[in-house]
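K.L.:
Coordinates only, no sequence provided:
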């Protein structure tokens, strides 16, 4: 079991603004503290769920503790502190932590302790592993690039129970940024960008729509230079809450798949008569890339970025 003084010094260093340990190192520290009963409850094989060609469990998104038990039900306080430090390490800073925790309320999870974690594989050596943190409206990962050619270690999910068009929603700033792009579109571009219907929610939101004919949305390549700069700014805004190496990997994979020129932006409204300030969804999509954002009745955002090369 990890000594309490060692853990407390790690957390204290983080609080003082010192360079934090990489999240992967913190996962290894947590793994070293687990009792046999804890491992039985929250550690699964790397390929769990894929034995018969199914989706590996490590790549699924969740809307609650991933394996049922919450942090407060199965971990000591020092272990919970280590999990919190790991969670902070996959984010870009305190502002991101404040947003993604939804001002510390965690939506229906109610508290940090109301979330859960699971580990797939063995992080103690060189074997592939994935640490999955999940709760209500949240699934994030840390995997040391064990999942090849996939940003964030696999599909990501974040959301907030507040109305997506309300300033009380912690992700409203993202909606406003995307709306600034719509405001710059000309009439012809808007005809392409506006779609009546919805692109799906949950796992269904990650299904590609570029195969539709004609392809959905307005293409980045169809935009003027000033509009393209604004879309690039949106991309920076979307990846800003996450640690730099994950954001960099997103942009590297988009480039590998053909660049921003292959990305399309669509605005969905389920009622054609709705005003332009009441979008139900907006969606960025390119080869191997989906950022699907449901605005109403509250925010659900599903993300997947992989290489198709």
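P.N.:
That came in fine, so what should we check first? Small disclaimer: the values here were computed from a predicted structure and weren't measured.

K.L.:
all strands for this structure, in order.
P.N.:
For the chain, strands defined by DSSP state E occupy the ranges 43-44, 116-121, 129-135, 138-142, 156-160, 194-196, 218-219, 264-269, 281-286, 289-294, 299-305.

K.L.:
want to throw these into TSV with distance to residue 235 and mean neighbour count?
P.N.:
Heads up, the C-betas are built off the backbone N, CA and C, glycines and all. Output for those, formatted as TSV (distance: least, Cβ to Cβ, whole Å; neighbours: other Cβ atoms under 10 Å):
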stretch	distance to residue 235	mean neighbour count
strand 43-44	33	19
strand 116-121	29	24
strand 129-135	24	25
strand 138-142	19	24
strand 156-160	15	22
strand 194-196	20	16
strand 218-219	15	21
strand 264-269	11	22
strand 281-286	8	24
strand 289-294	9	24
strand 299-305	11	24
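
K.L.:
can I get those in JSON lines with distance to residue 31 and mean pLDDT?
P.N.:
Listed next are the strands of the chain as JSON lines, based on distance: least, Cβ to Cβ, whole Å; pLDDT from 0 to 100:
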{"stretch": "strand 43-44", "distance to residue 31": "8", "mean pLDDT": "98"}
{"stretch": "strand 116-121", "distance to residue 31": "6", "mean pLDDT": "98"}
{"stretch": "strand 129-135", "distance to residue 31": "8", "mean pLDDT": "98"}
{"stretch": "strand 138-142", "distance to residue 31": "12", "mean pLDDT": "97"}
{"stretch": "strand 156-160", "distance to residue 31": "22", "mean pLDDT": "98"}
{"stretch": "strand 194-196", "distance to residue 31": "45", "mean pLDDT": "91"}
{"stretch": "strand 218-219", "distance to residue 31": "45", "mean pLDDT": "96"}
{"stretch": "strand 264-269", "distance to residue 31": "41", "mean pLDDT": "94"}
{"stretch": "strand 281-286", "distance to residue 31": "35", "mean pLDDT": "96"}
{"stretch": "strand 289-294", "distance to residue 31": "31", "mean pLDDT": "97"}
{"stretch": "strand 299-305", "distance to residue 31": "26", "mean pLDDT": "97"}
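
K.L.:
Switch those over to JSON lines; also include distance to residue 205.
P.N.:
Listed next are those as JSON lines, based on distance: least, Cβ to Cβ, whole Å:
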{"stretch": "strand 43-44", "distance to residue 205": "25"}
{"stretch": "strand 116-121", "distance to residue 205": "22"}
{"stretch": "strand 129-135", "distance to residue 205": "17"}
{"stretch": "strand 138-142", "distance to residue 205": "13"}
{"stretch": "strand 156-160", "distance to residue 205": "9"}
{"stretch": "strand 194-196", "distance to residue 205": "14"}
{"stretch": "strand 218-219", "distance to residue 205": "19"}
{"stretch": "strand 264-269", "distance to residue 205": "11"}
{"stretch": "strand 281-286", "distance to residue 205": "8"}
{"stretch": "strand 289-294", "distance to residue 205": "4"}
{"stretch": "strand 299-305", "distance to residue 205": "4"}
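
K.L.:
Of those strands, which is nearest residue 244?
P.N.:
Closest of those to residue 244 is strand 138-142, at 14.0 Å (criterion: Cβ to Cβ).

K.L.:
Run the chain-centre distance for that closest one.
P.N.:
When distances are taken as Cα atoms, centre = their mean, to the nearest Å, strand 138-142 is centred 6 Å away from the chain's centroid.

K.L.:
That strand: partners in the sheet, and parallel or antiparallel?
P.N.:
Each strand that strand 138-142 pairs with, and the sense of that pairing, follows from DSSP bridges: strand 129-135 (antiparallel), strand 156-160 (antiparallel).

K.L.:
can you state the direction angle for the first one and strand 116-121?
P.N.:
Think strand 129-135. On the basis of axes from the mean of the first three to the mean of the last three Cα atoms, to 10 degrees, strand 129-135 is oriented at 160 degrees to strand 116-121.

K.L.:
With the shortest one instead?
P.N.:
Relative orientation of strand 156-160 and strand 116-121, computed by the same axes, to 10 degrees: 170 degrees.

K.L.:
Might one say that residue 218 is in contact with residue 185?
P.N.:
Yes - proximity of residue 218 to residue 185 meets the contact threshold set by Cβ atoms under 8 Å, at 6.8 Å.

K.L.:
which residues are in contact with stretch 190-203?
P.N.:
Where contact means Cβ atoms under 8 Å, 6 or more residues apart in numbering, the residues beyond stretch 190-203 that reach it are 61, 155, 182, 185, 205, 207, 209, 216-219, 222, 265-272, 280-281, 283, 292, 294, 300, 302.

K.L.:
again but with stretch 232-248, I slipped
P.N.:
The contact list for stretch 232-248 (Cβ under 8 Å, 6+ apart) reads 23, 89-92, 95-96, 99-100, 151-152, 173-174, 177-178, 181, 250-251, 260, 284, 291.
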